[in-house]
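Trainee: Predicted model and sequence follow; I will ask about them next.
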Amino acid sequence: MNVGIIIGHSNEGMEEKFVQAAKQNFKHCQLVSWNPALWTRENAEEIAALRDKYGIEITAFWCGWSGPTRWNFTEGPETLGIVPVAFRAQRLQNLLDGAAYARLLGVRDVVTHMGFIPENLTDPSYPGVLAAVTVLAQELKRHDQNLLFETGQETPVVLLRLFESIGTGNLYVNLDPANLILYGKGNPVDSLDVFGDYVKGVHAKDGLYPTNGRELGHEVKVGQGKADFPALLKGLRAHGFDGSLTIEREITGEQQTKDILETQAYLQDLIAQL
C-alpha cells in the first residue's frame, strides 16, 4: 500500500498543485474534476506533462457531473448521481466523456458517486439505474477501463448486488470509510465482509455518524472519527488490496495542510506495521 493525495483539476494553477504534492513527498494522486469543459486533449497533455515532471502517478480519475448537488438526505436522492431521471442522460454522457479524458491521461480507473441507488429491487427506478450503469460499464470495458463506485449513498450489499447483476467484471469499489459513516450506511471494517474483494481504491477520510435524519454526519481528521483505520488496513490487506490510500480532508487553509501531513505520517506508520 501507499499513501496518496487528491489533486483538484482546475483551469489554472495546476503546476502549483503538483509542486505542493511533490514537496509533501506524495507519489500518487487521484485527479478530481467536476468540470467537463476542462476535459480536452490540450489539458490532458498539460496534466500528463506535470505528472511526469513531478513523478506523481495518477491512480484514478474522479469524474464529477453537471447539474445540482445537495449533500443531504432530503434533496440528495433527487439531485445526486445518475439515479434522478431528470439528470440521468446528461450525467451518463458526462461519465462517458470523463472516461475518454482519463484514457488520454493513460488512467484506467474512473471513480464517481452514482447517487442513492435503490435498496429495494422492486423500486420502479431500479431497472433504469441498472440499464444506465450497464451501458457505462460496457463502454469502459471496451476500452479496458474500470468503473469504481465511491461508497456512501448506498449500503455495501446494494453495490455487491449491482456488480453481480451487470457482470462485466470491471465494476469495483472506491472505499470511502467516512462516507459509509456520514450517510449511516455501514461500518467500514465490516463492509469488507461484503465487498472487500472489489475494493480497488480507498479514500483516507474519517467521520461521525448522523445525529438527525436530514443531514449527513460530520467529516473529521483521520483518527478522530468512527473509522478504525488499523483494523481497516488489516482487512484491506487480507483481501489483497495493495493500492493507494488517498487522503481526503474536506476543509481548506492551513489546517487542511496540517491535517493532511499528520494523516500521511499516521498512515505510513500503520502500513509499516502490516
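Mentor: Structure received. Numbers count the residues shown, from 1 in each chain.

Trainee: So the residue positioned nearest the centre of the chain versus Gly253, what's the distance?
Mentor: Closest residue to the average C-alpha location of the chain: Glu150 at 4.2 Å, with Cα atoms, centre = their mean. Taking Cβ to Cβ, to the nearest Å as the criterion, Glu150 is separated from Gly253 by 24 Å. Yep, even glycine has a C-beta here, placed from its N, CA and C like the rest.

Trainee: sorry, back to before: and the residue lying closest to the residue nearest to the centre of the chain once chain neighbours are set aside, what pLDDT?
Mentor: Distances taken as Cβ to Cβ, 6 or more residues apart in numbering place Asn174 nearest to Glu150, at 4.5 Å, with adjacent residues excluded. For Asn174, the pLDDT comes out at 98.

Trainee: Count the neighbours of Asn174 for me.
Mentor: 26 (other Cβ atoms under 10 Å).

Trainee: again, but for the one 10 residues further on
Mentor: The tally of other residues near Gly184 (other Cβ under 10 Å) stands at 15.

Trainee: In a helix, it, correct?
Mentor: No - secondary structure of Gly184, determined by DSSP: H, G, I helix; E, B strand; the rest coil: coil, with no helix assignment.

Trainee: Name the helix or strand for Ile251, please.
Mentor: Here Ile251, judged by DSSP states H and E, is contained in no helix and no strand.

Trainee: One more: Val202?
Mentor: Assigning secondary structure by DSSP H and E places Val202 in strand 199-204.

Trainee: Which neighbouring elements make contact with that strand?
Mentor: Packed against strand 199-204, as judged by 3 or more Cβ pairs under 8 Å, 6 or more residues apart in numbering; DSSP states H and E, are the following elements: strand 109-112, strand 146-150, strand 171-175, helix 177-182, helix 229-238, strand 244-247.
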